[in-house]
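# Sequence and predicted structure, then a few things I'm wondering about:
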Amino acid sequence: MNTNTPNLLLRDATVFDIEAIQRIRQSVHENKLTTTEISTDDVQQAIENTGKGWVIEVDENVIAFAVGNKVTGNIWALFVDPLYEGKGFGTQLLRAMTNWLWGQGLDKLWLTTETDTRAEKFYTQAGWSKTGRTENGEIKFELYKTKNSK
């Protein structure tokens, strides 16, 4: 057995993951929360009622999460612990989330992110289209379902 190979798991998020989700959300260096606090109730509502969440565990520690809204098609959150960035975890989460959202009957997904960030480059490289700006200057991205989308 190779002890250097971490045990990876991508799974649905549960209420028991909310503390780790909040920890990761507060640890990021870009797209930081500045004026809006996201409560435990907000996260629970997002993963149980209005959408679904996913987490990635490494050796039983949650190191990344994503949440998508099945009503609006909004990518509510996708964050990776800074210690684990650049290892493909965001791509895995985005794929799981978009596939699930397409399966909910949505034809368009959207999100916003700050300009000049790794997230901007990440979504551009993933095929998302910049469609404008929000009132606070964030970039709005959209992705449309294609014949090849699950």
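Good, I have the coordinates. Numbers count the residues shown, from 1 in each chain.

# Let me know the pLDDT of Gly137.
Gly137 carries a pLDDT value of 89.

# got the phi/psi numbers for it?
Reported as degrees, to the nearest 10, the phi and psi values for Gly137 are phi 90, psi 0.

# Check whether it really touches Asp116, as I assumed.
No. Between Gly137 and Asp116 there is no contact under C-beta atoms under 8 Å: 10.9 Å. In this view, the C-beta of every residue, glycine as well, is placed from N, C-alpha and C.

# Can you point out the buried residues in the longest helix anywhere in the chain?
Counting residues, the longest helix found in the chain (DSSP state H) is helix 89-103. Buried residues in helix 89-103, defined by neighbour count with 16 or more other C-beta atoms under 10 Å: Phe89, Gly90, Gln92, Leu93, Leu94, Ala96, Met97, Thr98, Trp100, Leu101, Trp102.

# give the contact list for the first one.
This means Phe89. Applying C-beta atoms under 8 Å, 6 or more residues apart in numbering to Phe89 gives the contacts Ile56, Ile63, Ala64, Val80.

# wait, what's in contact with the residue nearest to the spatial centre of the chain?
A centroid search over the chain (C-alpha atoms, centre = their mean) returns Leu78, at 1.9 Å, as the residue closest to the centre. For Leu78, the contact set (C-beta under 8 Å, 6+ apart) comprises Phe65, Ala66, Val67, Gly90, Leu93, Leu94, Met97, Ala119.

# Show the pLDDT at it.
92.

# how far away is it from Gln104?
17 Å (C-beta to C-beta, to the nearest Å).

# Likewise for Ile63?
26 Å.

# quick one, which of those two is more surrounded?
Ile63 (22 against 13; other C-beta atoms under 10 Å).
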